[in-house]
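**Student:** Quick check, what structure comes out for this input:
(2 chains)
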Amino acid sequence: MAAQTGKVTGTVNDSKAGNPLPGVTVKVPGGKATMTGPDGKFSIESKTSDVTIEFSFVGYTSKKQKLTVGEPATINLDYDSKSLSEVVVTGVGVATSRKKLGISVESVTADKLPAAPTASVDQALIGKIPGAQISSTNGSPGARTNILLRGINTINRGTSPMIMLDGLEVRATDINGLDLNTVERIEVVQGAAAATIYGAQGANGVIQLFSKKGKMGKISIDVSSSVSTNSIINSGNVSKANMHPFTTNAAGEVIGSTGKLIELDPALSMYKENVQVNLVDTNTFSNKPYDKNLQYYDHYDQFLKDAYTTNNSIAISGAREKIDFNFSVSDNRQTSNFDNNGNFSRSNLMSNLGIELVKGLKFRSTTQLVYTKNTLNDATGRGVFFALNNSRPFADYNYKMPDGTYGYYFGDATGVNGYNPNYRNSYSTNLDNKIDIVQSFNLNYKPVKFVELDAKYGLNYQTQDATYDVLPQDINANAAFNKRFWSGNYYSTTDVGKTGSIDNFRYRTTFQNFLGTATFMTDFQNDFNLNIPIKTTTQVAFDYRENVFKQYITYGGDAPQYTPYTASQMVNYRIQSDYTEPFVTYGYLLNHRFEFGDIGGISGGFRSDYSSAFGGGSKPFTFPRGDAYIRLSAINFWKESKLGNVIPEFKLRAAYGEAGIQPKSFDRYVVLNTVNLGNSIAFTYPTNSPNPDLNVEISKELEIGTDFSIKALNGKWLSSINISATYWDRKTANAIYNVDAAPSTGLGTVRDNAFGLASTGFQASLNSTLLSSKNLTWSFTTNYSKQSSKITSVLGGTPIVVLSNAGSSNYTLRAGEKIGQLYGYLLLHDVNQLDNSGNSYIPKDQQANYTLASNGYVVEKATKQPYVTSGKYSFGDPNPKFNMSFINDLSFKSYLNFSMQWDWIYGSHLYNQTKQWMYRDGIHSDYTIPIDIDGTTGAYTAFYRGVYAQREANGTKDYFYEDASFLRLRNISLAFDFAKFFTIPGFQRLQLVLSGRNLITVTDYTGFDPEISSGTNNSAFDRGVDHNTIPNLKTYQIGLNIGL
Amino acid sequence: MKKIKLLLYTTILFSALISCKKQLDVKNPNQPTPESARNEVGIISLAQGGIYRNGFISLKYSDGIYGFFWSGAIGFHEMMGDAIQAEAANGFINQIGAPDKAILDNGSTVLNPNSPNTQIALLRLINVNANQGANTLYYEWAYMYSLVNAANSVMEITEQTVFTSDAETKKSTLKAWAKYWKGFAYSRIGSIYYAGLITDTSTVTNGNYVTKEAIIAESNKNLDEAATLLSSISNVAAYTDILGKIIPSFNQVGKGGVLAPDMWKRSINTLKARNILVNTPVATMSPAQWAGILALTNDGIRATDKVFTGRSNATSDFLSAASGTVASKVQANAAGGNTYKLSERLVQEFKTGDKRFTNNIKQTTTWIGSADRGHVFNTRYTLVSGGTGLAGVKVYTNVTPGEEELFLAGNYEENELMKAEALINTNKINEGLAFVDAVRTYQGAGLSAVSGTGLSPALAKEELRRERRVAFPFIGLSFYDARRLGIINPLSQGGGRKGAVVIAGSGAVNTNATIEYNYLDYWDVPDNELAYNPPGAGSAIVKNPK
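**Tutor:** Predicted structure coming up:
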């Protein structure tokens, strides 16, 4: 056969999506190499008519294929999201193959993210990121998740990680506002070792989203729609007592102290007389049915209903030779689970446009517009839930007075902390509009092969306008009688003739980020013809960030009786707040990286940042970083041994980084407060004093890890297992927090570098293909995270006591203890129970007065009340010992997909403050549970009331501190693609998806939902209290995805 | 082309670097700095806000149920003085005024249903730093030291301030203002805490705790210094101008206003008389003490004097109309309908025919609270906001903004009844009773005169006791009286109260009940102070040995 030289040509496509792949390396072994163009096409000289060409592309499995000159070929490359050939950019600055990473970077591609009913990125990420604890802590529409990456590194700034979109920080817009449909993939770097390159704001880790881009080939149109029904989870079967302990007459009717029946005054919607009950009386039992003058109303039935969510999105995308585009629009609508509590909706518009201006100079603009409208009257739902949980069940809150209005407060008889949510909803409305702009421009220029220049500018703007409107209630007979009116946030309603108010809130956040990067790359072999397999990358960057937050709040009080009206027609009007918070930080990054062939690499650098928190004359803070890895599997002894067959990939890595966490904008600026006193402006001293001597918090982290793959079995089953594991250890010095000042100084607290913190953790992930046959693929992933943070030192040595934002539960920040521990009184389980110093809690000579009740608690025989210790003790660390998720994905042929994710949170604890409040007035169903005390059995109210009130009414007690471990079927979905099954012309996809979220929860927790937390969002310590927070939702969803 | 682009990049980078440094100087653009207080206008603003806000409102802890100083800290006194009661447990307010026991008409004893079931044990249990804002004992201490700190700061800055004119008068006025409020603060501290601290420099404290007697002496010292400064005022116009700017306009109504220097000095005398009266048990008062009180009250507040008052406004700048005072938290349409419940023991003090009763108190359906929270708080009565309209009769509360007048530190009635008490106790019964009559007339009680009716000393004292109860309840004096009259002592020591009205949980009205309060007379120093400022060597005892 005569040798025929010429050009081999062809197109490289993605095997699954079918789109052309630009940038694929096309190489003749031992010869020339080229790359595919934007259309995926290539052309390369061959000296023979047949030639085997090697195609390699980051993120794809490399492939060798024999081609013939003159016969254009199509090459399909398999995308391998789980392989170590995947490429990441977050934390490394320059796109790097996972095989050559010295740090741990977690990633997840969009196809692995569930279409959560909220269509939010944070919800979708739950359980997907090994090492991360992402919790859905409130089931209200629009609620944010708690995200904890690696440890508690700062108390001042909480645990919020930095959110990035395509290389730029997004600060004004919360992650839950970004459109899940536009996300291509997500990378997460968790530690300072990696996040240092992003500066101080990256100390809590970074979550980076990458937007979808248009791909070469036919323009694709994707439409998806789903609808879901959501009901609140009540895994602890919480209910109110269906039996009561109130004094009754001979006929069993509940009577007041006058002897008259307890009856609702219909004109006032009021029980004018209180029920008679003494819950600590040992003869009081919750054992009488609500079947006479008082009836039992299931308030959960009255107020909780199924909520509905709809999601719709359309995306059009495509690419031509020098341009790619992706336009999409999404819409999410959610109703509230509470009757008449309003709705939540979010619409996202996205455009991603890339243009190659001249050869080597690329311009990209991505725009995301988000419009959020929230009419939820009680945005967190906690107000309504508290009112319901604290109302005795005989209150019929659907009762309307003769004029058709609802009563507000039905009298002390129905519980002093209860009120009618119908009243609130009928007299107040909330309208909260938010517009977010997330815009970025990127100019990328490769003038020569060893230099890349990149400039990015991002503008992230959020404007929020909210109005809380409270109607006048002067004519409401119940409110006028009780002198209780629903009021706005600022104007306190005093009496009839003074009701009604309008609160106007305006918030603006403008965040700008400029990032200029120059990257210099050398390859000693190719560039310098040296026979050393060294490649170097040097990254120099300048990073400027400016955030300006503005707040303007006004209120008008004493509304007119006519409608319509505006705030300008109120009798009283005031500007409540006019506040601007500017923050500027900028810095330089230098990072240098060496790679030694495929075997190993090392990188190091530093970042130096200025911050406006320190003012104009300040010096920058500089922090170093470094990492290294070695791939033993790339060394010959490994490759050629049996080990190489079984463990084809084995890497060890280590990284170290430091980050300076800056004080908040005004933490160092000493000021006077001002306040209006009538027609003068007075100066006052702030109760929480800033501190001009405040320093940066310094977080240092070391991580050590390994990535390896195992070739387990040859055949369909268990063909490969990839494992990544990382141990990390970090410490924060000078953590900032408000430290109590002695009251005699006249100060409340002073901000100080008060704490030392230390955290360690271990994270691992296992990805495997359990089965890979012609028709069926079954992949299995498990993610594991274990972490623990403690306080190593406290300034002055005196513990700092902090109250939960959620209410009456005390946290104590004490040196040597885990952060976020609750302190409180103990109930005993043995009459002779000993304290830590070996002494009996109950003195020996008094022990005869106590006995162990059938429910396991020590009670006083005479009073039937539990014994409660006089001292307060730590309950331990409420944070989980570990959390794991188990993810299964099965696909049968091309048309049937099944996936399932279980999340297991182990060892977490919650303080069930909800229950404690329900113990106050005898409302909780526990009151009906009989107990045997000293030989007599009964539903002793004295015991339950005693739990609430002994030693300290509503005091923090271990009785309510419960194991909140749970196993949850987070997600289950079955998808059937009609287009693939029937091969419908014109349709790429016609997929019907049935899915469920949170369908099963296995837990011992006796509250509504073990996952919720009522503390401040992303608080460093306030993570362990459930105080009437809305449970998560159990969701059934049906969706249709159409691809044209 | 390439070079141009490279140059462009470099230029952008470097210009950005250079321009940044200036931008770091953001400061805090929202608020003035302490520098702003160092001029005439600024120091006036600080003298106003430091006293009215730092002194009575702004603390690191607060609770809306009992509110700020004038409804909360003062409310605690009124609970322990059994003028009001509470069912809510915030800050243990249902417990600090819960007596140890009540013996009903039928002889049955009802113990305090709470845990712990004695007030002394409760105060000891809750006075721990970990209790933060739930520690009832924290508030009065913290408010008053916040007031002292603000006053110290006003003193210091006044010295450094350059005044535009009449510097001496203006400085004296400001310093008298600061000294006076320090005197007030120490009076409150020394009259409730077993020990205290004397601090003379802003934001600086010391661990040298001194006895309550030394604190009262410090109160008198500051009050005397204020009086001396007032005596030095020569330019009354400048004085009036400054004081008129310090006192918020909404407080310059009724009895409130700009006190002439002499009026202010008389207010000082009344407060000094209070310092003597309330801190000594009546039984052990010496003739010299009575003489001292008489001397001070003879030159004390007059009926026509302006005094220091507080009022609400629509925006609740100092007091909230609906809930800024103790009395406003009692008023309701139905008995027990508000946070504070009107005590049956206060209502029973009104003599038959007293128009103040008719004008202010309404009987409704009896309010019965949860028997597990309290045993003497049930009540048939409530206060009427704004009164029922009897002309010229005292009104205790009014929730219309600006209508209720709160006396911050002494009034005419208090002065006259102290005078009366000194006279009655020095065997000038009729002369003393005449002042009781005068106060009743002043408040429009419409009661017939008791002077000249031949009352025995014991009956005269009872007449006086009842009048003090009804003439100025709800403003922080009730507990002082219960303490000095021995009512808070155990029954075994002659304390307690006989012939008391108590509504049982069943609704039964007992009219001859006996109540054993057994309360701690002076509170321990709050643990939030002790945790961050432990007593140094040689300190006085910080915990009441009782």
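**Student:** Just list the residues touching the residue nearest the centre of chain A, thanks.
**Tutor:** For chain A, the residue nearest the mean C-alpha position is A:Thr145 (2.6 Å; Cα atoms, centre = their mean). Contacts here follow Cβ atoms under 8 Å, 6 or more residues apart in numbering or on different chains; on that basis A:Thr145 touches A:Asp122, A:Gln123, A:Ile126, A:Ile134, A:Ser135, A:Ser136, A:Thr137, A:Asn176. For every residue, glycine as well, the C-beta is placed using N, CA and C.
**Student:** could I get those residues as CSV with distance to A:Asn352?
**Tutor:** Compiled in CSV, those are given as follows (distance: Cβ to Cβ, whole Å):
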residue, distance to A:Asn352
A:Asp122, 21
A:Gln123, 23
A:Ile126, 26
A:Ile134, 26
A:Ser135, 31
A:Ser136, 29
A:Thr137, 32
A:Asn176, 20
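**Student:** Please flag which of those sit within strands.
**Tutor:** Among the contacts of A:Thr145, the members falling in strands (DSSP state E) are A:Ile134, A:Ser135.
**Student:** A:Ser793 contacts A:Ala735, correct?
**Tutor:** No. In this structure, A:Ser793 is not within contact of A:Ala735 by Cβ atoms under 8 Å, at 9.4 Å.
**Student:** Give the residues shared as contacts by the two.
**Tutor:** Residues touching both A:Ser793 and A:Ala735 (Cβ under 8 Å, 6+ apart) are A:Phe755, A:Gly756.
**Student:** what about those two, which has more around it?
**Tutor:** When neighbours are counted by other Cβ atoms under 10 Å in any protein chain shown, A:Ala735 comes out ahead of the other of A:Ser793 and A:Ala735, with 30 against 15.
**Student:** mind listing what the residue in the stretch 301-450 of chain B positioned nearest to chain A touches?
**Tutor:** With distances taken as Cβ to the nearest Cβ, the stretch 301-450 of chain B approaches chain A most closely at B:Ala371, which sits 3.4 Å away. For B:Ala371, the contacting residues are A:Gln276, A:Val277, A:Asn278, A:Leu279, A:Val280, A:Asp281, B:Pro113, B:Gly505, taking Cβ under 8 Å, 6+ apart as the criterion.
**Student:** ok, now with 7 Å
**Tutor:** Remark: with contacts taken as Cβ atoms under 7 Å, 6 or more residues apart in numbering or on different chains, B:Ala371 is in contact with A:Val277, A:Asn278, B:Pro113, B:Gly505.
**Student:** now the stretch 701-850 of chain A, which segments are flagged as low pLDDT?
**Tutor:** By pLDDT under 70, the weakly predicted segments of the stretch 701-850 of chain A are A:805-808.
**Student:** if we go to 80?
**Tutor:** Using pLDDT under 80 as the threshold, the predicted model of the stretch 701-850 of chain A has low-confidence ranges A:712, A:714-715, A:801-811.
**Student:** tell me the strands in it, going along the chain?
**Tutor:** Secondary structure of the stretch 701-850 of chain A (DSSP state E, counting those that start in this stretch): strands located at A:717-740, A:749-772, A:776-794, A:800-803, A:810-813, A:823-824, A:850-852.
**Student:** by contact count, what packs against the shortest one?
**Tutor:** The one in question is strand A:823-824. Contacting strand A:823-824 under the criterion 3 or more Cβ pairs under 7 Å, 6 or more residues apart in numbering or on different chains; DSSP states H and E are the following elements: strand A:810-813.
**Student:** For residue 270, the count of nearby residues, please.
**Tutor:** By default, I'm working from chain A. Other residues within reach of A:Met270, judged by other Cβ under 10 Å, total 24.
**Student:** The intended chain is chain B.
**Tutor:** If you count neighbours by other Cβ under 10 Å, B:Thr270 ends up with 27.
**Student:** And A:Lys66, by the same measure?
**Tutor:** Neighbour count for A:Lys66, taken as other Cβ under 10 Å: 10.
**Student:** phi, psi of it?
**Tutor:** For A:Lys66, the backbone dihedrals are phi -90, psi 120 (criterion: degrees, to the nearest 10).
**Student:** Identify the residues contacting the closest residue to it other than its chain neighbours.
**Tutor:** With Cβ to Cβ, 6 or more residues apart in numbering or on different chains as the criterion, A:Lys66 has its nearest non-adjacent residue at 4.9 Å, and that residue is A:Thr52. Under the criterion of Cβ under 7 Å, 6+ apart, the contact list for A:Thr52 reads A:Pro29, A:Lys64, A:Lys66.
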